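> Pasted the sequence and its predicted model underneath.
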Amino acid sequence: MTTTAPVVFGLIGAGAIGAFHAESLARRIPEARLAAVADPRPEAAQQLAASLDVPRPTSDPSDLFADPDIEAVVITTPPQFHTDLIETAAAAGKAVFCEKPMALSLADADRAITATAKAGVALQIGFNRRYDRGFRAGHDLVTSGGIGRPQLLRSLTRDPELSDPARVPAWGIFLETLIHDFDTLNWLNLGTRATEVYATADALVRPDWKERGLLDTALVHVRYDNGAMATAEASFQALYGYDVRGEVFGSEGMATMGDIRPSTMTAYGAHGVRSDSVRRNVDLFHDAYTAQLTEFARCVRNETPPQTTGEDARSALAIALAAIESVRTGQTVRIDSIEQ
């Protein structure tokens, strides 16, 4: 029997992105109803739940897994907890939306994929650029053959400020920032397979933190099995705003995507020409963040597979791990060596 009742969600992780997703589920997505918020910090769970009139804050995610009314969970915890939470959620029969990265190793990625497949539940990963209107239009143009055969691709992420270097995890520029760019390149290159990676990285924003393991600037070169070449770059400090762009150059044209401006308004005056810029990722990709959860709710209700899968997340992770190995060794790294 077909039902149009909202999907009942639980959310695990009450940090910044968790709070945004919680607000989307509670206020912006008619297909969803947020029933519970879990976070090991009781006050964080309580505060977020109260702000959205969510009835059940808890410090224990197992409360969500044990609740038969909850159909799906959104996981926004630190990445080291993702795989175990995905496995546990799947075993409880819950569909899973997990923020990137899905895992920190390919073995853990395989565990997550296997667990959800075995349980027959949906697994979607939070690669929001696939749901941005501009990036989607660029992808559709490439898919339709509008630029011919892809030859050169580019994706970049520049955060507006490195305010607290102590919060950046080891290799975070690859595993938590450029992971978006790797997925974007894979997606824009129409599912072809990355074959080799060369990466370089340094602490150019905060060189005083380099000895403590911080890398805040990176450039990655990726070769694909269709012959295309791609670059991904990241910086943790672009003083002009949050900057995310993509480009595909092909045999018959080019597509560019991304804009740091919140609108197309440009001011002209005595002091020159000025456009405002976005300072937060949730502002630049507000609609895309919402759209990906809307699609996930529809997938759960209609029992259809999501567009952004665990296999997609694994492919992006393989590039990230190859990039880390390349920085360590100074050598080009083949993806098949990471897979072994």
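Arrived safely.
> contacting residues for T4?
R301 (CB atoms under 8 Å, 6 or more residues apart in numbering). C-beta here means a position set from N, CA and C on the backbone, and glycine is covered the same way.
> lowest-confidence helix or strand of this protein?
One helix or strand of the chain scores below all others by mean pLDDT, DSSP states H and E: helix 281-284, with a mean of 66.
> Give me the average confidence score over the following helix or strand past that one.
Remark: after helix 281-284, the chain's next helix or strand is helix 286-302, criterion DSSP states H and E. What helix 286-302 shows for mean pLDDT is 94.
> Now helix 286-302: buried residues?
Burial within helix 286-302, assessed by neighbour count using 16 or more other CB atoms under 10 Å, is assigned to 286, 288-297, 299-301.
> Could you name the helices and strands sitting against that helix?
strand 7-12, helix 16-23, strand 32-38, strand 72-75, strand 95-98, strand 123-125, helix 133-143 (3 or more CB pairs under 8 Å, 6 or more residues apart in numbering; DSSP states H and E).
> which residues of the stretch 151-300 of the chain fall in strands?
194-202, 217-224, 229-235, 243-250, 253-257, 267-269, 272-274 (DSSP state E, counting those that start in this stretch).
> looking at those, which has the lowest confidence?
Averaging pLDDT over each of the strands of the stretch 151-300 of the chain puts strand 272-274 lowest, since it has a mean of 76.
> Neighbouring strands of that one in the sheet, and parallel or not?
strand 267-269 (antiparallel) (DSSP bridges).
> contacts for the strand it pairs with?
V273, R274, S275.
> which one of these has the most neighbours?
S275 (15 neighbours; other CB atoms under 10 Å).
> for the chain, which spans come out with low pLDDT?
1-3, 263-264, 279-283 (pLDDT under 70).
> what's the single longest helix in it?
Ranked by number of residues, the top helix in the chain under DSSP state H is helix 310-329.
> Give me the buried positions along it.
310, 312-327.
> quick one: secondary structure of the closest residue in space to P79 that isn't next to it in sequence?
With sequence-adjacent residues excluded and distances taken as CB to CB, 6 or more residues apart in numbering, P79 is closest to P101, at 5.2 Å. Under the three-state scheme (DSSP: H, G, I helix; E, B strand; the rest coil), P101 adopts coil.
> Surely I338 touches E325?
Yes. Counting by CB atoms under 8 Å, I338 does reach E325; the two are 6.8 Å apart.
> so what's T195 up against?
Applying CB under 8 Å, 6+ apart, the residues contacting T195 are R223, Y224, D225, R334, I335, D336.
> same thing with Q47?
Counted by CB under 8 Å, 6+ apart, Q47 has contacts A14.
> quick one on the thing from earlier: which one of the helices and strands packed on helix 286-302 lies closest to A203?
helix 16-23 (23.8 Å; CB to CB).
> From what I see, F65 and A90 are in contact.
No. The pair F65 / A90 is not scored as a contact, 9.7 Å apart, by CB under 8 Å.
> So for those two, which residue has more residues nearby?
A90 (25 against 20).
> what about the more buried one, which SS state?
Under three-state DSSP, A90 comes out as helix.
> Which residue ranges make up each domain of this protein?
Split into domains by automatic domain parsing, the chain comes to 7-128+288-307, 129-284+316-339.
> Pick the most deeply packed of those.
domain 7-128+288-307 (a mean of 20; mean count of other CB atoms under 10 Å).
> how long is that domain end to end?
End-to-end distance for domain 7-128+288-307, by CA to CA, to the nearest Å: 18 Å.
> Relative to Y240, how far out is the residue in the chain sticking out farthest from the centre?
Going by CA atoms, centre = their mean, the residue of the chain most distant from its centre is A270, 40.9 Å out. Per CB to CB, to the nearest Å, A270 is found 21 Å from Y240.
> what's the answer for R130, then?
Taken as CB to CB, the span from R130 to Y240 is 25 Å.
> Repeat that for I86.
I86 is 37 Å from Y240, by CB to CB.
> Check E247 too.
For E247, the distance to Y240 - CB to CB - is 19 Å.
> What of A26?
Distance from A26 to Y240, by CB to CB: 33 Å.
> related to what we said a few turns ago, can you redo the helices and strands packed on helix 286-302 as JSON lines with distance to P169?
Listed next are these as JSON lines, based on distance: least, CB to CB, whole Å:
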{"stretch": "strand 7-12", "distance to P169": "19"}
{"stretch": "helix 16-23", "distance to P169": "15"}
{"stretch": "strand 32-38", "distance to P169": "22"}
{"stretch": "strand 72-75", "distance to P169": "17"}
{"stretch": "strand 95-98", "distance to P169": "17"}
{"stretch": "strand 123-125", "distance to P169": "18"}
{"stretch": "helix 133-143", "distance to P169": "26"}
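> For L178, which of those is the nearest?
Per CB to CB, nearest to L178 of those: strand 123-125, 15.0 Å.
> From the chain's centroid, how far away is that closest one?
10 Å (CA atoms, centre = their mean, to the nearest Å).
> repeat for stretch 137-155
For stretch 137-155, the distance to the chain centre is 21 Å (CA atoms, centre = their mean).
> Nothing else from me, thank you.
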